[in-house]
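[1] got a sequence here, can you build the structure:
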Amino acid sequence: MGNASGSSMEELQACESHRWYRKFMTECPSGLLTYYEFKKFFGLSNLTETSDNYIRTMFTTFDMNDDGYIDFMEYVAALSLVLKGGVQQKLRWYFKLYDVDGSGCIDRDELLLIIKSIRAINGISYEMTAEDFTNMVFDKIDVNGDGELSYEEFMEGIQNDEMLLETLTESLDLSHIVQKIEVEIRSGV
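    I've put the predicted structure just below:
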């Protein structure tokens, strides 16, 4: 009996994977998602320059082999991170996303740029300005006061501050985009 249940669960997961694959191949028949197709795929249009730069950075972090495209395996890895990734995995990805220049540290300007971009994309107004939020983050977790957040400072600081962890997780929650795509998949769009 247990095998029948496990087998139907595997069949369901295989069916879902097939639907995601079909959606992916419908949107990019070449099997390689370009930046333009990435924006179209996730319904991101008419973005400000700041928001567009953020989405480009996000695209780059999902392009794990740096070839300028997202293939199906990179796409699956990105979805898995967004939907099922643990705190450590997500924080590592957030750090990479925030470290816009790839220096191994996040400075105030990089964090401010990302915070402004996320807010513009989410279209939500917040009590605290992006500048005040950025300053608060640095005040809380820039342990050595050098104006940059190392990987260690970021990981430890965010994990040890429940409010920052919750805010960061909520601001980068992409499940609404994934749900939109799932609706499109089920409706055959």
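
[2] which residue ranges form the strands in the protein?
    32-33, 70-71, 105-107, 148-150 (DSSP state E).

[3] dump these to a markdown table, plus mean pLDDT, mean neighbour count and distance to Lys40.
    No exception for glycine: its C-beta is placed from N, CA and C like everyone else's. Below are these laid out as a markdown table (pLDDT from 0 to 100; neighbours: other C-beta atoms under 10 Å; distance: least, C-beta to C-beta, whole Å):
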| stretch | mean pLDDT | mean neighbour count | distance to Lys40 |
| --- | --- | --- | --- |
| strand 32-33 | 88 | 20 | 9 |
| strand 70-71 | 89 | 22 | 13 |
| strand 105-107 | 94 | 21 | 29 |
| strand 148-150 | 94 | 21 | 33 |
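
[4] could the ones you listed go into a markdown table alongside distance to Gln89?
    Formatted as a markdown table, the strands of the chain follow (distance: least, C-beta to C-beta, whole Å):
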| stretch | distance to Gln89 |
| --- | --- |
| strand 32-33 | 21 |
| strand 70-71 | 18 |
| strand 105-107 | 18 |
| strand 148-150 | 18 |
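
[5] how about those, which one is nearest Phe24?
    strand 32-33 (7.4 Å; C-beta to C-beta).

[6] for that closest one, enumerate the helices and strands it packs against.
    Secondary-structure packing of strand 32-33 (3 or more C-beta pairs under 8 Å, 6 or more residues apart in numbering; DSSP states H and E): strand 70-71.

[7] strand partners of the strand it packs on, parallel vs antiparallel please.
    Next to strand 70-71 in the sheet, as set by DSSP bridges, lie strand 32-33 (antiparallel).

[8] give me the residues contacting the strand it pairs with.
    Phe24, Glu27, Phe41, Tyr69, Ile70, Asp71, Tyr75 (C-beta atoms under 8 Å, 6 or more residues apart in numbering).

[9] now stretch 112-130
    Contacts for stretch 112-130 (C-beta under 8 Å, 6+ apart): 44, 47-48, 50-51, 53-55, 57, 97-98, 100, 131, 133-134, 136, 171-172.

[10] ok, 7 Å please
    48, 50-51, 53-54, 97-98, 100, 131, 133-134, 171-172 (C-beta atoms under 7 Å, 6 or more residues apart in numbering).

[11] hang on, the earlier thing: tell me which of the strands of the chain sits nearest to Asp142.
    Here strand 148-150 is closest among those (C-beta to C-beta), at 5.9 Å.

[12] what strands flank that closest one, and is each parallel or antiparallel?
    strand 105-107 (antiparallel).

[13] how much space is there between Leu164 and Glu131?
    16 Å (C-beta to C-beta, to the nearest Å).

[14] quick one: which of these two has more around it?
    Higher neighbour count among Leu164 and Glu131: Leu164, with 18 against 12, using other C-beta atoms under 10 Å.
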